[in-house]
Every structure is written in C-alpha cells, then in structure tokens.
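Enquirer: Predicted model follows, preceded by the sequence.
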Amino acid sequence: MGTLQWSNDQGDERGAPQRRVIHAAAIAQFSEHGFAATSMADIADAAGMSRPALYQYFRNKRDIFASAFVALFDDHVDRALQALNGDGTTERRLEGFLQRFEGDLWELMAASEHSEEIMSAKTADTTEEIQRVIARLRGGLAAFLAEAYPGRSQAAKDRRAEWTEILEFSPKGFKYDTPSVADYRRRLTALARGVAADIEA
C-alpha cells in the first residue's frame, strides 16, 4: 500500500499532525500484516516513535484502528467532494466523485491480502462514525444534483433521489465478482456517463 495523505482529522485536538502520521503508519501496517498480526510496537516503529509515545495519543491498537479508518474515509470524502465541486462537465465531475471515493478506496483495499480481516475488525463505534462521514458525502451529492437538475416539483425531487440511489448502490454491485482495479474503475466511468446523460437529457 502506498503512502497515504491525510487532509482531515477528528476535531482540532492537540497533536493532530502527529496523529495523522500514526494513522498513515497504522494503515500501512494493517494492510501489510492484517489487524491481528499488527502490534503497537509495529505501528510505533512505522511512525518513527516509541511505544510509550504512541500511548500518549491512543489507548490501544483498536483505538488506533478506529481513528485511522474513520480518517481514511473522511479523507476520501474530501477528495470526492472536491472533484464534484470542481470545473468540468457533469460527467467529468460525477466521474471524479466516484473515482476519488469508490475507486481509490477499492484500489487501497485490493492492494492488501488482509482486506477482509481489516473490514471485519470495524467496531460499532467505527461504523457509527463512518455513517457520519457518509452522510457528509450524501449531502454534497444532493447539493450537486440540485444544481445540475434544479426544480422544486415532486417529479424533480424523485429524479434526484433515483440518481442518488444509483450512484450510491451501483458501486457496491460492481464489486460482486471482485473485479480488478482497472475493471472497477471502468464500471465507475460508465456509471458516471450514464447518470450524466440522464441528467442532461
């Protein structure tokens, strides 16, 4: 797994830059070794710090995992919304949105032979935080669709709701046959093209 760049963190707590370094180190270790085989010492070494220093920021490995996992999703939501709010055609902006969130996350997970273990290590607290992050993603998409297809009628609202569902749930189905990263990205491109054409019809 490559080096991750974190543009977000949970709150503006003291030590946020160091926490981002720990997040990146932890994600790399979990990806390489899996959750169970990764130790606090592994994460501390990868972050360039001692174990006692690591405990100043996190209580235990599960605490690091939860924080890093949520920060990872937050970072990809930032990138997706930046693409959606950028310049270009409706198709280009939708494709950027899908590629930066769905495509990039799939590529990160596909790079690790421990992806199933990593996904199953999520806790109830992590799931709740991820839902908060996903709500931010949905809000950005709703604003984009309202701009791309304005209207207050029930028919307009229904069309926007349909596109939201298609854009949210189709990528999950695209993973059914565990495609290569290239194939998954191609499917996302086709999805963006189809939804954009429908919006502009």
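Expert: Nice, thanks for sending it over. Numbers count the residues shown, from 1 in each chain.
Enquirer: So for the protein, the centremost residue is which one?
Expert: With distances taken as C-alpha atoms, centre = their mean, residue 73 lies nearest the centre of the chain, 3.4 Å away.
Enquirer: Could you find the closest non-adjacent residue to that residue?
Expert: Leaving aside its chain neighbours, residue 73 sits nearest to residue 133 (4.6 Å; criterion: C-beta to C-beta, 6 or more residues apart in numbering). (Each C-beta comes from the backbone N, C-alpha and C, glycine too.)
Enquirer: Any buried residues in the least confident helix or strand in the chain by mean pLDDT, and which?
Expert: None of the helices or strands of the chain scores lower by mean pLDDT, DSSP states H and E than helix 115-120, at a mean of 84. For helix 115-120, burial by neighbour count (16 or more other C-beta atoms under 10 Å) applies to 115, 118.
Enquirer: which other helices and strands contact it?
Expert: Here helix 115-120 touches helix 104-110, going by 3 or more C-beta pairs under 8 Å, 6 or more residues apart in numbering; DSSP states H and E.
Enquirer: picking that back up, after the least confident helix or strand of the chain, which helix or strand is next? Please name it.
Expert: As assigned by DSSP states H and E, the chain's next helix or strand after helix 115-120 is helix 124-148.
Enquirer: average pLDDT for that next one?
Expert: Helix 124-148 carries an average pLDDT of 92.
Enquirer: Please list the residues outside it that contact it.
Expert: By C-beta atoms under 8 Å, 6 or more residues apart in numbering, the list of residues contacting helix 124-148 from outside reads 65-66, 69-70, 73-74, 77, 80-81, 84-85, 90, 93, 97, 101, 122, 160, 163-164, 167-168, 199.
Enquirer: Just the buried ones from these?
Expert: 65-66, 69-70, 73-74, 77, 80-81, 84, 90, 93, 97, 101, 122, 160, 163-164, 167, 199.
Enquirer: Tell me how far the nearest residue to residue 91 once chain neighbours are set aside lies from residue 85.
Expert: Nearest non-adjacent residue to residue 91, counting by C-beta to C-beta, 6+ apart: residue 196, 3.6 Å away. Remark: distance between residue 196 and residue 85 (C-beta to C-beta, to the nearest Å) = 16 Å.
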